[in-house]
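Chemist: next one to model:
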Amino acid sequence: MLVLTKPIGTQVAGNVNQWLNINPTRWEQAKEFITKRQAIDAYEYAMFSMSRLNRVAAELMKKYGKFIHATIDCRLTALKRSTAPQT
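Modeler: I've put the predicted structure just below:
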């Protein structure tokens, strides 16, 4: 069984928020895909969910500890979009 303790995409929400606030060049690229309101909402949701993730994980460890053989912090890294022409 795999238990995800936070929604996938929270790192993306953090990155977009950072671009919105301190990297106008990156924000100009991102706003083609997301509005400012959507970026702010996604960041607020991500922060809310991450503020609870350790509590939920700890409760699951207590409840199912005898069945758990490993834990890991999974991070997905975005791949740089290639600008090379597709053949």
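
Chemist: now do the residue sitting nearest the centre point of the chain against R55, distance only.
Modeler: The residue lying closest to the centre of the chain (CA atoms, centre = their mean) is T10, at 1.9 Å. Distance of T10 to R55, computed by CB to CB, to the nearest Å: 16 Å. To be clear about C-beta, it is placed using only N, CA and C from the backbone, and glycine gets the same treatment.

Chemist: ditto for A39
Modeler: 26 Å.

Chemist: which stretches of the chain form helices?
Modeler: Secondary structure of the chain (DSSP state H): helices at 10-22, 24-30, 36-64.

Chemist: tell me what the first one is packed against?
Modeler: Counting contacts by 3 or more CB pairs under 8 Å, 6 or more residues apart in numbering; DSSP states H and E, helix 10-22 is packed against helix 24-30, helix 36-64.

Chemist: and the ones you listed: which comes nearest N17?
Modeler: Judged by CB to CB, the one of the helices and strands packed on helix 10-22 that comes nearest to N17 is helix 36-64, at 3.9 Å.

Chemist: that older thread, and the helices and strands packed on helix 10-22, which one is worst for confidence?
Modeler: Lowest mean pLDDT of these: helix 36-64, a mean of 86.
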